[in-house]
Each structure stands twice: as C-alpha cells, then as structure tokens.
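Student: Make a model of this:
(one chain, ligands or ions: 1)
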Amino acid sequence: MLDNKNTYDLIIVGCGPAGLSAAINAQIRNKKFLLIGGEYCLEKIYKAPRVDNYLGFFAIQGSELKNKFLEHVQKMGIEIQNKRVDAIYPLGKIIQVMVQGEVYSTTALIIGTGLSTPKYIKGEKDLLGKGVGYCATCDGPLYKGKRVIVLGETEEAQEEANYLADICDSVIYLSLHGHPENLKENIKIGEGKPLAVQGEQVFKALETDKAVYEADGLFIIRKETPVQDILPGLNVEKGYIEVDRTMQTNIPGVFAAGDCTGPPYQIAKAVGEGLTAALNAVKYIDSKGEGSK
Ligand SMILES: Cc1cc2nc3c(=O)[nH]c(=O)nc-3n(C[C@H](O)[C@H](O)[C@H](O)COP(=O)(O)OP(=O)(O)OC[C@H]3O[C@@H](n4cnc5c(N)ncnc54)[C@H](O)[C@@H]3O)c2cc1C
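Tutor: So this is what the prediction gives:
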C-alpha cells in the first residue's frame, strides 16, 4: 500500500546534466519531486579533461564543472538519492517506480539515464519476461518455491539474492564483482563467466564456461539497466528513446532528456532537454489537477 510519503508529482531518473537540469526547474516550479541517480552523479563530466563548449565556462576542467553543477543543486536544497531504479510500471493515472525494494508513485516521470550499452548475454533478450528478469523484488513472488539464479554485477545484488533465498526453493549466485561476502547460508555459489541463456519459449538454464545451471528463473542485476528494459512499452528506435519536441515519450506522463534520446551527446543539449522535459512535465501534472508541495 503506498503512503503519501512515497507519492510524488514527478520522479526524475538520472543525475547527469539532463536530470539535474530537470530537477532545478521542477524545484523552481514548486513540484514535489524525487531525484534518483546512480551510484555516481556526473561521472562522464568528471572524466572530461577539459570542456570548451559549455557557455560561460570556457576551458573548464570536467571535475570543476561537476562540482559547480552539484553545488548549484545543493544550494537549491535538492537531495539526490543515489540508488538504482529497477522497474517502472505506467498504470494509467499514476506511474509506479521500484527502487531497490522501495515502491514510489508519481504522476509524471523524466528519464535522464544517459547512454547505456550493457553486454547482453546470448539469448537474454529473447527470454526477457519469460523467466529472465532484472528486478528480484518486483518479480520474486512469481518464483515462490522455485529454483532461481542471480547473476550479480554489483555487491548490492547480494541483497536481492538474500530476499529470494527466503521465498525460493533454491538460489544459485553467480558473482561478477569478486567474492560475495554477504550471502545467506542457503545460497549456493555458481562458477564461471556467463556464456548463454538457454531455453526455447521459457528460460531453462544459464550456461557458463564452467557449468550449466538449470533453474526456473534468472535475475540479472547490473549496475544500471537500460531504461527500455525496465519500462515496458517504451518506444525506442536504434537504442534511443523516441520523444517529440516537448520531450514526451509515447507513454503519457513519461518524458526523456539527454543522451538517452540520441546524439549529439553534449552537456548543453542534455541541460536544454532536461529543462524542456521538466517544464512540460509540470504542464502535464497541472493538467491532471495535481501538483503542489
Ligand atoms: C570523457 C568525456 C568527455 C566529454 N566531453 C564533453 C565536452 O567537452 N562537452 C560536452 O558537451 N560533452 C562532453 N561529454 C558528453 C557529456 O558528458 C554527456 O553528453 C552528458 O553527460 C549527457 O548527460 P545525461 O544527463 O544525458 O547523461 P549522463 O551524464 O550519462 O547521466 C546519466 C545518469 O543516469 C543514471 N542512471 C542510469 N540508469 C539508471 C537507473 N536505472 N537508475 C538510476 N540512475 C540511473 C546514471 O547513474 C547517471 O547519473 C563528454 C563525455 C565523456 C565521457
């Protein structure tokens, strides 16, 4: 059951230039919003040795520009939740967002998740939703009393495996992040590098270079899952989220901004699209008769 504490006018996913720009404009428009970014914000800008094309900041070091952006949002009293969004469910009037076990509800959503190019495992995409999933807390109950495998790219994946260990018949954990230290005792450790996801209509097994592990379900927990894989029904063309000039996607109330909508991959474009998305999200929220802090 959602309480008011977890209900927002707007949720912004991503704390790069697009997400932060959307956030400052949502703040100025006095909306109740939540800003969720990954583990590190502005990581790409931090890596830029020198930025020459962002107006007003000629020849600035990426790390310095990062600090200036963060200082800006902090001065406006905006908090960033450094967490991973695992699933997004558009449910008509509201949109539900799953964030590492928490459920949030929002009227509008802005995706500013940048470019994400994970190395999919052979067969993974074909069996997505047919035994292969990315969110254990969302889909875990479907595997009550069954056998599951968790493929963990991050330490946090252990939490998902521990949750499954309480409801599933058996859990195998395959780590891609070094030796897992925080698993429950009833979880078995798998071995090897993943090679292929096996199954015809439904998932049957995960093949590694050391063994083949049979199970009913496979959860792949990456650092960041591309948003099109966690938001069913989102129109994506050649890997980019389709938007109109208001940054609205094909899903009512869902907007997108920045690198995730396509090139040019530039800070100024991300900032501009973040602003456009925020102002149009505000219009959308107001049209629904929602939206005051
Ligand atoms: C080395 C380098 C140098 C560059 N130099 C320049 C330059 O000189 N000038 C210029 O204009 N541009 C430059 N760029 C490009 C610029 O950094 C990008 O265009 C810009 O960062 C895009 O912003 P964004 O907000 O769209 O995405 P990003 O900056 O990629 O931010 C995406 C955010 O989404 C978060 N995220 C993703 N998935 C999830 C999820 N499931 N849950 C929660 N959070 C999630 C990430 O953690 C991140 O915070 C450079 C990039 C690099 C790498």
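
Student: Could you count how many residues lie near the closest residue to the ligand within the stretch 101-250 of the chain?
Tutor: Residue of the stretch 101-250 of the chain nearest the ligand, by C-beta to the nearest ligand atom: G114 (2.2 Å). For glycine as for every other residue, the C-beta is placed from the backbone atoms N, C-alpha and C. Residues lying near G114 (other C-beta atoms under 10 Å) number 22.

Student: right, is the longest helix anywhere in the chain up against the ligand?
Tutor: Counting by DSSP state H, the longest helix found in the chain is helix 267-287. Yes: under the criterion of C-beta under 6 Å from any ligand atom, the ligand is reached by helix 267-287 at I267, A268, A270.

Student: For this protein, what lies in contact range of the ligand?
Tutor: Neighbours of the ligand within the chain, by C-beta under 6 Å from any ligand atom: 13-19, 36-38, 41, 44-45, 47-48, 51, 53-54, 84-85, 112-114, 224-225, 258-259, 265-268, 270.

Student: elements contacting the longest helix of the chain?
Tutor: Packing contacts for helix 267-287, counted by 3 or more C-beta pairs under 8 Å, 6 or more residues apart in numbering; DSSP states H and E, involve strand 7-13, helix 17-28, strand 102-111, strand 254-256.

Student: just to revisit the earlier point, out of the residues of helix 267-287 next to the ligand, which is nearest to E155?
Tutor: Lowest distance from E155 to these (C-beta to C-beta) belongs to A270, with 28.9 Å.

Student: Correct me if wrong: the closest one contacts L20.
Tutor: No: applying C-beta atoms under 8 Å as the test, A270 and L20 come out as separate, 9.1 Å apart.

Student: Now for the two: what residues contact both?
Tutor: Both A270 and L20 lack any common contact, where contact means C-beta atoms under 8 Å, 6 or more residues apart in numbering.
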